[in-house]
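**Q** Build me a structure from this.
(chains A, B and C)
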Amino acid sequence: MDTAVTLADLIAALGGDLLGAPETPIRRIAALESADAQSVAFLANVRYQSQLKTTQAACVIVAPALAEAAAQRQPGAAVIVTPDPYLYFARLTQWWARQVRPLPPARIHPSAVIADDAQLGQGVDVGPLAVIESGAVVGEGARIGAHCVIEARAHIGAGSRLAPRVTVGFDCHIGAHCILHSGVVIGADGFGFALSQGRWEKIEQLGAVRIGDHVEIGANSCIDRGALGDTILEEGVKLDNLVQIGHNVHVGAHTAMAGCAGVAGSARIGAHCTVGGGAIVLGHLSLADHVHVSAATVVTRTITKPGQYSGVFPFDDNASWEKNAATLRQLHAMRDRLRALERKE
Amino acid sequence: MDTAVTLADLIAALGGDLLGAPETPIRRIAALESADAQSVAFLANVRYQSQLKTTQAACVIVAPALAEAAAQRQPGAAVIVTPDPYLYFARLTQWWARQVRPLPPARIHPSAVIADDAQLGQGVDVGPLAVIESGAVVGEGARIGAHCVIEARAHIGAGSRLAPRVTVGFDCHIGAHCILHSGVVIGADGFGFALSQGRWEKIEQLGAVRIGDHVEIGANSCIDRGALGDTILEEGVKLDNLVQIGHNVHVGAHTAMAGCAGVAGSARIGAHCTVGGGAIVLGHLSLADHVHVSAATVVTRTITKPGQYSGVFPFDDNASWEKNAATLRQLHAMRDRLRALERKE
Amino acid sequence: MDTAVTLADLIAALGGDLLGAPETPIRRIAALESADAQSVAFLANVRYQSQLKTTQAACVIVAPALAEAAAQRQPGAAVIVTPDPYLYFARLTQWWARQVRPLPPARIHPSAVIADDAQLGQGVDVGPLAVIESGAVVGEGARIGAHCVIEARAHIGAGSRLAPRVTVGFDCHIGAHCILHSGVVIGADGFGFALSQGRWEKIEQLGAVRIGDHVEIGANSCIDRGALGDTILEEGVKLDNLVQIGHNVHVGAHTAMAGCAGVAGSARIGAHCTVGGGAIVLGHLSLADHVHVSAATVVTRTITKPGQYSGVFPFDDNASWEKNAATLRQLHAMRDRLRALERKE
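**A** Sure, this is the predicted structure:
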C-alpha cells in the first residue's frame, strides 16, 4: 500500500479542515504509534490523546476538541479536523484502496461457463472458471470472482462483488453493493428432518435466501435457504467469517455479527444488533432491536429489551478453574444449605 | 415454489385420509399461521391446536385425534388425516420438490476434467469444471456438482448428490444416497503432530474417511481422514453446517449434529445421539447411544448413560452477569466458608 | 496403506536399534491394540505398558527403558529402540506416506489459468482448473492443487503444498514448506467498520497476510488480511480446521490451535502456545509465550504468565445443570447472604 499523495489530495477527495502544509507528501495510512513522517494517522478516542506527543505521523485526523493539542505536538505538524475522525478514516481507507488497487476493467473471462439465458448487466465482470447457470441475473457492474457458482435463477444485485469461490444457490437473491468473501455458501439446505422410527426423514427446503443491499458476508460463512419461507438478511447487515445462519432466520437491518457466531433456525434478530464472536442464538427466539450479545454468549431465551447481554464462564488458571467448576455442581445444594443456616438465625 | 396441484394429487402420491373436496387446488405448503386459501399446512403438536381456529389454510394435515377439530374450523375446510403429520409433511416436501425442481437430465459437462481411468456409473451427472481423478468410482445416478474435486481412488455411492464445490479426498468412501453440501471437505489431514524440542513434527495421516448410506453433511463442514485407521460416519448420520469431525472419530448410525458442533479426534459417538449447535466433544471420549448434548455444551468426559446433558453459562444482562461471574471465582472459597458456618452450628 | 517392507528397510531409513529379525515383513503401521503380525506399533507412554503383553504387533517401537519388557512379550518379537518413540512414529508415518503415496511428477495442468507474468519456480505442480493471477510467485517445487486461486502478487514459498480449493489473496505471502488444506481462505477482508448514524461504513483492509515457513492450516480455516499492517503467523504454526484468525493478529512461532478456535482482531498470541478446540481469544489481548488455553475457554483478558488456563461450564445431566445454572444467577446475592451470616457469628 505504498503510494504517494499530498494532504491537498486527501482534503480534495474527503473534505475536512487542514491545518498545515497542503503539499505534505503522504505515503501510507498508519496507527498513531507506528506512523512515520510520511504517514497520516487518526485519533478517534480521547483516551489515546497522550499518543499525540510521541507519534511521528506527518498528519493526524482529529475532532475539533483535539485540534489544538494535535497541532502543537511538534513544529509544522499537520492536522485534519473533522467531526468524526473514525468515519473520516474509514472513508480515507476507501479512497486509498481505489488509488492503490484500481479495479481492472470488467471482462468476461473466456473460461467462465455461462448459460445462454443468464442475464448479465452492463459492465459485469466474470472471473476465470466461474459458473453462471440458467436464468441467473447479474446486475450492472457486479463482479463475479473466479470459481464462483451462481445457480439457476439466482440474482446478484448491481455493483455487488463476489470474491473467488462463492456459491449462490438457486432462486437466492443478493442485493446491490454487497460483498461476499471467499467460501461463502448462500442457499445450502437448512437442517430439517422429521424423526420417524429412529431415522431422519429429510424435509426438503423449499424456500430461498433474500439478502438486502450493502450486506457484507465473511469468508466461509453459510446462510441456509428457508424450509418454507425465506431466510432474510436485511439491508446493511455485516457478518464476519465462519458465521452460520440457519433456515428461516431473519436478521434486521444494520446488525453485525463477529466471527464464528451462529444463529439457529427461525430465530429473529432485530435491527442494529451486534452479536459477538462465537456467540450462539438458539432457534425460534427473538432479539429486540439494539440488543448486543457479548462474545461466546449463548442466548437461550427471547430478549425483548435493548441492552448488552453476556454469559461466559470466567477463565482462570487451570487449578483455580477446576476447584470452582467442581463446586459449581453443588451450587444448588449450597443455596439450600445457606437457606437452612439463615432459618436457624 | 409456486405450483398448482390438487388434494387428490397429494393423496394419490402420499396416502392419508382426505376429508373434503379432492379437487381443491393447492399452490403452496405453508405454516399454519402464514397459510392462505391455496395452502396446505400441518399440525404436528397439540400445543398449537388453537391455530386451527385462525388458519386460512385450504387443507390441514393432522393426526386422527385432531381430525374433528380440524374439519370443523370452517365450512368446507379440508383435512388430511395421517398417523404422523410431521412425517407426512416431510414426505410432502420431498414430493413437492420433485414437482417444482425436477432434476435436469444427467450429463457430463464438457468442461469437467475426468481421468481416463475413473469409473462413472450409469446416469451419473458431472457439473461444469468438476475434477474426477484417477481411479475414482462414481456410482449409478450420482450427481457431482460444479467445481467438485473427487480425488484419486475416492468412491461416491449410487444416487449420492454433491452440491457444487465439495472436496472428497483420496481413498475416501461416500455411501449411497448421501447429500454433501457446498464447501464440504472430506478427508483433509487430521491434526496430528509429535512435539519435538518445541517444534511440531507432522504425523502423516494414513487412514481415510468412510461414510455410510443416507448421510447428509452441511455446508463447509469438515471430516478429517484418520491417522492410522479410518474416520467413520455410520448410516443415516446428519450433520449441519460448519461441523468439525476430527480424525478417527466414529459417529454411530442416525446421529445428528447441529451447526458449528465439533468432535475432537478419536471420540466415539453412539447411535441415535443428537449434538446441539456449537457443542464440543473432546477427544478420545465415548458417548453411549441415545445421548443428547444440548447446544454449546462442552463434553469433557465419557457419557455411559442415555439422556440429555447440558453445560452452558446462563446469559444475563451484562451487569448481572459480571457480578455473578466475578463471584464464581470465589465459589470454592464460599463453599469452605459455608462449611465453616455449618460446623459452628 | 497396504505395502510390504522389512524392518531392515525401516532401520535403514529412520535409524534406531533393532532387536529381532531384520527380514521381518511389515505391511502396516497400527496402534498396539489393533496391530497384527505384520504391523509395526509404538509405545510412547509408560501408562500403556500393559498393552505390550497382549499386542500382536510384529515390532514395537519403544524407549530404552522399555526395551527389555518389549522384547520379552513373546518369543521372537521384534523391537525398535529409540530415545523418542512418538517422534520416531511421526517420522515413520512420513516415510511410509512417501512409499504408499509417491508424489506424481510435477506438471502444469493445461486447464489451469495462469497469468503471463506469474512466476513459477522449477518443478512447480499446478492442478486442474487452478487460477494464478498476475504477478504471483510460486516457489520451487510448490504444489498448487486443483481449483486453487492465487491472487495477484501473492507469494507461495518453495515446497509448499496447497490442497485443492485454497484461496490466497492478493499480496499475501506464504512461506516455504507450508501445507494449506482444502477450503482455506488467506487474505479475505478483516472485519472492520466505522459506525456512523446507525450504519456501518467499511474500513478497507489495506494490509495483507504473512505466513512463515513450515506452517500448516486446516480445512476451511480463515486468516484475514490486516487493516493497516499485516496479519502474521510465525514459523511452525499449526492450525486445525475451521479456525478463524482476525485481522492484524500475530501468532508466535510453533503455536498450535485446535479446530474451531477463534482469535479476534489485533490479538497477539505468543510462541509455543496451544489453544484448545473451540476456544476464543478476544481482540487486542496478548498471550505470553507458553500459554495453554483449554478447549472452549474464552480468554477475556491478557495473560502474562505461562501456564494452563481454563473456563468451561462443567456439563451435567440436564436436570442437575438446570438447577445449578438457575442458582448461578443468584450467586452474587448468595455471597452477600453468606457474608451477612458470617458477620452475625
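**Q** residues in the stretch 101-250 of chain A within reach of chain C, list them.
**A** For the stretch 101-250 of chain A, the residues in contact with chain C (CB under 8 Å from any CB of the partner chain) are A:101, A:109, A:111, A:127-129, A:145-147, A:163-165, A:179, A:181-183, A:214, A:216, A:218-220, A:236, A:238, A:240-242. Where you see a C-beta, it was placed from the backbone N, CA and C, and this is true even at glycine.
**Q** Among those, which are located in helices?
**A** Among those, no member is found in helices (DSSP state H).
**Q** Filter the residues you listed down to the buried ones.
**A** Burial by neighbour count, 16 or more other CB atoms under 10 Å in any protein chain shown: within these this picks out A:109, A:111, A:127-129, A:145-147, A:163-165, A:179, A:181-183, A:214, A:216, A:218-220, A:236, A:238, A:240-242.
**Q** just the residues you listed that are near chain B?
**A** Restricting those to those touching chain B (CB under 8 Å from any CB) yields A:129, A:147, A:165, A:183, A:220, A:242.
**Q** backbone phi and psi for the last one, please?
**A** In other words, residue A:242. Dihedral pair for residue A:242: phi 60, psi 30, per degrees, to the nearest 10.
**Q** now it: how far from residue A:43?
**A** Distance, residue A:242 to residue A:43, using CB to CB, to the nearest Å: 32 Å.
**Q** JSON lines for the ones next to chain B among the buried ones among the residues of the stretch 101-250 of chain A next to chain C, including pLDDT?
**A** Formatted as JSON lines, those follow (pLDDT from 0 to 100):
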{"residue": "A:129", "pLDDT": "98"}
{"residue": "A:147", "pLDDT": "98"}
{"residue": "A:165", "pLDDT": "98"}
{"residue": "A:183", "pLDDT": "98"}
{"residue": "A:220", "pLDDT": "98"}
{"residue": "A:242", "pLDDT": "98"}
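**Q** Please tell me I have it right and residue A:55 contacts residue A:73.
**A** Yes: counting by CB atoms under 8 Å, residue A:55 does reach residue A:73; the two are 7.1 Å apart.
**Q** Between these two, point out the one with more neighbours.
**A** residue A:55 (24 against 15; other CB atoms under 10 Å in any protein chain shown).
**Q** Quick check: pLDDT value at the more buried one.
**A** Among the per-residue scores, residue A:55 holds a pLDDT of 94.
**Q** again with residue A:1
**A** pLDDT recorded at residue A:1 is 43.
**Q** and if you look at residue A:76?
**A** 82.
**Q** what about it, is that helix, strand or coil?
**A** Taken by DSSP: H, G, I helix; E, B strand; the rest coil, the conformation at residue A:76 corresponds to coil.
**Q** what residues are up against it?
**A** By CB atoms under 8 Å, 6 or more residues apart in numbering or on different chains, residue A:76 lies in contact with A:20, A:21.
**Q** ranges for the helices of chain A?
**A** For chain A, the helices defined by DSSP H cover A:7-14, A:67-71, A:85-100, A:318-328, A:331-344.
**Q** what is the rounded mean pLDDT of the second one?
**A** In this model, helix A:67-71 carries a mean pLDDT of 93.
**Q** between the helices of chain A, which one is nearest to residue C:158?
**A** helix A:85-100 (28.2 Å; CB to CB).
**Q** Now the terminal residues of stretch A:195-210, how far apart.
**A** 29 Å (CA to CA, to the nearest Å).
**Q** Tell me the residues of the stretch 101-250 of chain A that contact chain B?
**A** Within reach of chain B by CB under 8 Å from any CB, the stretch 101-250 of chain A has these residues: A:113, A:129, A:131, A:147, A:149, A:151, A:165, A:167, A:169-170, A:183, A:185, A:188-189, A:191, A:193-194, A:196, A:198-207, A:220, A:222, A:224, A:227-229, A:242, A:244, A:246.
**Q** same thing but at 7 Å, please
**A** A:113, A:129, A:131, A:147, A:149, A:165, A:167, A:183, A:185, A:188-189, A:191, A:193-194, A:196, A:198-204, A:206, A:220, A:222, A:224, A:228-229, A:242, A:244, A:246 (CB under 7 Å from any CB of the partner chain).
**Q** Report the buried members of those residues.
**A** Looks like these have A:113, A:129, A:131, A:147, A:149, A:165, A:167, A:183, A:185, A:188-189, A:191, A:193-194, A:200-204, A:206, A:220, A:222, A:224, A:228-229, A:242, A:244, A:246 buried, using 16+ other CB under 10 Å.
**Q** Show me chain A divided up by domain.
**A** By the assignment in automatic domain parsing, chain A contains the domains A:5-100, A:113-309, A:318-345.
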